[in-house]
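Trainee: okay, sequence plus prediction incoming.
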Amino acid sequence: MIVGPAIDGSVEVQMLEKGRDHMYRIGSDCHHIGIDCIVEHHALNGDDDKAPRAFDELGFRMIDGGTFVKHSDDEGRTLFPVGEGQFDLMSSDDEEDLADPTLGGFIVNDEECEPFTHATGDSDFVRETHDAVRAFNDWVPKDEQEAQARSFMIRQEARAARLDDEARFARNMPGANYSQPGI
């Protein structure tokens, strides 16, 4: 990571260092390297939201603001934390994505989506879905892998709930209880 301005053809950088846990962290030592030694650079220009995509293009997945997993390590047998939601790669909201004819209406503007509602009725599908939600709520993971999977699902639910709450607020609708089905 470049941490200092270019002076006389060199920049001040901090290196990513691999820890015993196989995760990389930004080192504390600063080094001066020649600008010509830089093979690839992704400018953030003060926009930290660009960091997850920049590190992804460099071959790393961000766990948090200073911890990374190398893509090639992530595919092995070592279990790594899922990471904080704010560092997940998000798809672009650009108008060109929405207008892409190959997507066939798959991407819909958030403003056009209806907020979440609990399923009503007494069909097998509704009962099975609500039973699955209750089973997940009662699930106690047996090992680290199950604990990470459960943690990931809880974070995904929280992210979806947050987006839905914002849509409800914009429509002057009350909030919803997402994890306690009615039937």
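Mentor: The structure has been received and is ready for your questions. Numbers count the residues shown, from 1 in each chain.

Trainee: and residue 42, that's in a strand?
Mentor: No: the secondary structure assignment for residue 42 gives coil rather than a strand, going by DSSP: H, G, I helix; E, B strand; the rest coil.

Trainee: right, and it touches residue 59 too?
Mentor: No: with contacts counted by CB atoms under 8 Å, residue 42 stays clear of residue 59, the gap being 11.7 Å. Heads up, the C-betas are built off the backbone N, CA and C, glycines and all.

Trainee: can you name the next helix or strand after the helix or strand harbouring residue 15?
Mentor: Take DSSP states H and E as the rule and residue 15 turns out to sit in strand 10-18. Once the chain leaves strand 10-18, the next helix or strand it forms, by DSSP H and E, is strand 24-34.

Trainee: now do that following strand against strand 10-18, angle only.
Mentor: The directions of strand 24-34 and strand 10-18 differ by 150 degrees, with axes from the mean of the first three to the mean of the last three CA atoms, to 10 degrees as the criterion.

Trainee: what's in contact with strand 24-34?
Mentor: 1, 3-4, 9-19, 60, 66-70 (CB atoms under 8 Å, 6 or more residues apart in numbering).

Trainee: among those, which ones are buried?
Mentor: With burial judged by 16 or more other CB atoms under 10 Å, the buried subset of these is 11, 13, 14, 16, 60, 67, 68, 69, 70.

Trainee: check contacts around the fifth one.
Mentor: To tie it back to what came earlier, the one meant is residue 60. By CB under 8 Å, 6+ apart, the residues touching residue 60 are 16, 24, 68, 69, 70, 71.

Trainee: ok, the fourth one touching residue 61?
Mentor: Right, residue 69. Yes: Residue 69 sits in contact with residue 61 when judged by CB under 8 Å, with a separation of 4.9 Å.

Trainee: any idea which helix or strand carries residue 145?
Mentor: Applying DSSP H and E as the criterion places residue 145 in helix 144-170.

Trainee: would you mark the buried spots in that helix?
Mentor: Neighbour-count burial for helix 144-170 flags 161, 164, 165 (criterion: 16+ other CB under 10 Å).

Trainee: now do residue 72 against residue 59, distance only.
Mentor: Plainly put, residue 72 is 7 Å away from residue 59 if you go by CB to CB, to the nearest Å.
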